[in-house]
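Q: Quick one: sequence plus predicted model below, questions after.
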Amino acid sequence: MHRPTLLACAAFLAAGTAHAAAAGIDVNQLGFLPAAQKLAVVPAGAGSTFKIVDAASGKAVFEGTLGPAATWDASGESVRIADFSGLRTAGTYRIAVAGQPDSPAFVIGADAYRALDAGAIHAYTLQRAGIALDARVAGPYARALGHPDDKVLVHASAASPKRPEGTVIASPKGWYDAGDYNKYIVNSGISTYTLLAAYEHFPAWFDKLALNVPESGNGMPDILDEVLWNLDWMATMQDPDDGGVYHKLTNKRFDGMVMPDRATAPRYVVQKTTAAALDFAAVMAAASRVLAPFDAKAPGRSQRYLAAAESAWRWAVEHPAVTYRQPPDIATGTYDDEKLDDEFSWAASELYIATGKDDYRARALAAAPGVQTAPGWSDVRPLGWISLAQQRAHLKHPDDADGARRHILAAADELVARRQASPVRLPMATSDFVWGSNAVALNQALMLVQAYRLTHKAAYLDAAQSAFDYTLGRNPLGMSYVTGFGARSPMHPHHRPSVADGIAAPVPGWLVGGPNPGQQDAKDCRVGYASKAPALSYLDNACAYASNEVAINWNAPLVYVAAALQSLER
């Protein structure tokens, strides 16, 4: 979850408008791999049949019958499903239904998601703190260095005997968290892990995916170079004297809508917390494993990461319930989490995998409450399951991964059941339309991918494909929710560089938060939402931080799922 800003939105009245439901045929606007399940959503009341036509010639290449009409409670629409999975021939196509405009064009091809995956990772490069981005790397989005963070103050809430209030430390690099310019360990945790997992699970894909990062050509896969930029920052957030980890690095108030080099307020590290220590421990332990094959490039790096992880764990065990409390003089994001058993579970899982020590085993294998269908920054337990299942063969006791497997399959089975019952064939429940709903959809897809990797049952991959399709245009607004990708995508995200850089098109490759009936930003927007229906509650305006912000934890499952679909095509 992200946080409101004190921004007044009058300046953005012309910069975006509310979207009503887009009457028409909704389909993944990027397209499909040849063997994938291919579905589109068509308004009921149109014809009973559909055609897939060549986009250039208009010639029909596939015909089918629409499924029965049904009403989706999340949007109030009555819809029918077009299934054209039988079309596998590469090309560019549209869907035609009598009485409806043709769908946006989409491709069927072997590399349908290559550009998207590269763009979603490159968004992190464009989000780096402490670096000037030249045109070679950033193209028209080149910008000056902002926030070197080489002189950061220890806030009173973070003071310790050896680092009293006002101590100056260096904490450079890292990614800006979201639409603002601050850096948060808790949200970096799930974001960094998900990118590490993407590489660990699909190395062949990423070894050949060129990303044009500043370090390209240095012998490391580009995605790991990108991850290292944030890992280097995370390492500076640990107090070397006691192993505790600062919760965030921030100025006291959100910056205005300016470029990074124009935001010059003093920066602080704020409070050590148990959640920050445990997320840090989990990520550093995972990084020590994933980066070990590249240690020749940085001798001792993996060992340092693991030592840092164990030190953070010890601090958390000694301080098991230090939750974040916003100091009265700080008004930036909180990422406050009162429930810490999931953080202990995840960190213990990663440390158990990394060390084999029984000290971590009991907490890694502790029973989980209920079925958890997707991870999120405040519920990271499923990340431990993913790692345990992945590393089964390397565990001292391989059957220690059996519980993780059961949890993953229980989650996936719940999601498949929801999809089967859904009029739009989507695993999301109506209650999943919350702040960051698009990331909920993609994290559900991530869990479905794990189930497919364990069982090779097509139903899991088909359900993951549907969640992915939803974010790229198979939704009632007819939008791809990724900037710069698809026939219709967000133009005015809540993202300071996109507002302040003077370029009409936003920084590309960012997944926006998506429909959110909570509309927590309504008081700050003079442009109203067109609907309160859960799947329609979206506003493409820079004031709309509750539905149109971008965030590093939302892009991470987009990167993962795109890579998975490309790598696992049947």
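A: That came in fine, so what should we check first?
Q: so where's this structure uncertain?
A: Along the chain, the parts satisfying pLDDT under 70 run over 1-23.
Q: Tell me how the protein divides into domains.
A: The chain breaks down into these structural domains: 31-110, 114-474+551-568 (assignment by automatic domain parsing).
Q: residues in contact with K173?
A: Neighbour list for K173: R128, A129, G130, I131, D149, W229, N230, D232, W233, T236 [criterion: Cβ atoms under 8 Å, 6 or more residues apart in numbering]. For the C-beta atoms, the positions are set from N, CA and C on the backbone; glycine is no exception.
Q: what's the closest of these to W346?
A: N230 (17.7 Å; Cβ to Cβ).
Q: contacting residues for the closest one?
A: By Cβ under 8 Å, 6+ apart, the contact set of N230 is Y124, K173, G174, W175, S188, S191, T192.
Q: Report the two of the residues you listed separated the most.
A: So, those by Cβ to Cβ: farthest apart are K173 and S191, at 14.3 Å.
Q: measure the nearest residue to A439 once chain neighbours are set aside to Y124 for me?
A: With sequence-adjacent residues excluded and distances taken as Cβ to Cβ, 6 or more residues apart in numbering, A439 is closest to W554, at 3.9 Å. From W554 across to Y124, the span is 12 Å (Cβ to Cβ, to the nearest Å).
Q: Please apply the same query to S78.
A: Taking Cβ to Cβ as the measure, S78 falls 40 Å from Y124.
Q: What of K532?
A: K532 sits at a distance of 33 Å from Y124 (criterion: Cβ to Cβ).
Q: These two: which is more packed in?
A: Ranked by neighbour count (other Cβ atoms under 10 Å), K532 and Y124 place Y124 first, with 26 against 11.
Q: dump the residue contacts of the closest residue to the more buried one other than its chain neighbours.
A: Spatial nearest neighbour of Y124, chain neighbours left out: E226 (5.2 Å); criterion: Cβ to Cβ, 6+ apart. The contact partners of E226, taken as Cβ under 8 Å, 6+ apart, are I121, Y124, T125, L195, L211, V213.
Q: Please confirm that E226 is located within a helix.
A: Yes. Following the definition DSSP: H, G, I helix; E, B strand; the rest coil, E226 is counted among the residues of a helix.
Q: Using CSV, write down the CA coordinates of the helix or strand harbouring E310.
A: Assignment of secondary structure by DSSP states H and E places E310 within helix 301-318. Output in CSV follows, covering the C-alpha atoms of helix 301-318 (Å, rounded to 0.1, in the frame of the first residue of the first chain):
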residue,chain,number,x,y,z
ARG,A,301,30.1,-10.4,-1.7
SER,A,302,27.8,-13.4,-1.0
GLN,A,303,29.5,-14.1,2.3
ARG,A,304,29.1,-10.5,3.3
TYR,A,305,25.4,-10.6,2.4
LEU,A,306,24.8,-13.7,4.4
ALA,A,307,26.7,-12.3,7.5
ALA,A,308,24.6,-9.2,7.2
ALA,A,309,21.4,-11.3,7.1
GLU,A,310,22.3,-13.3,10.2
SER,A,311,23.2,-10.1,12.0
ALA,A,312,19.8,-8.6,11.2
TRP,A,313,18.1,-11.8,12.3
ARG,A,314,19.8,-11.6,15.6
TRP,A,315,18.6,-8.0,16.1
ALA,A,316,15.0,-9.0,15.2
VAL,A,317,15.1,-11.9,17.7
GLU,A,318,16.2,-9.6,20.4
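Q: Report the buried residues of that helix.
A: Taking 16 or more other Cβ atoms under 10 Å as the neighbour-count basis, helix 301-318 is seen to contain the buried residues R301, S302, Y305, L306, A308, A309, E310, S311, A312, W313, W315, A316.
Q: What's the first helix or strand after that helix?
A: Scanning the chain past helix 301-318 towards its C-terminal end, the next helix or strand to appear is helix 341-355 (assignment: DSSP H and E).
Q: Could you quantify the relative orientation of that next one and helix 301-318 as an angle?
A: Inter-element angle recorded for helix 341-355 and helix 301-318: 140 degrees (by axes from the mean of the first three to the mean of the last three Cα atoms, to 10 degrees).
Q: how far is helix 341-355 from where the chain is centred?
A: Centre-to-centre, helix 341-355 and its host chain are 21 Å apart (Cα atoms, centre = their mean, to the nearest Å).
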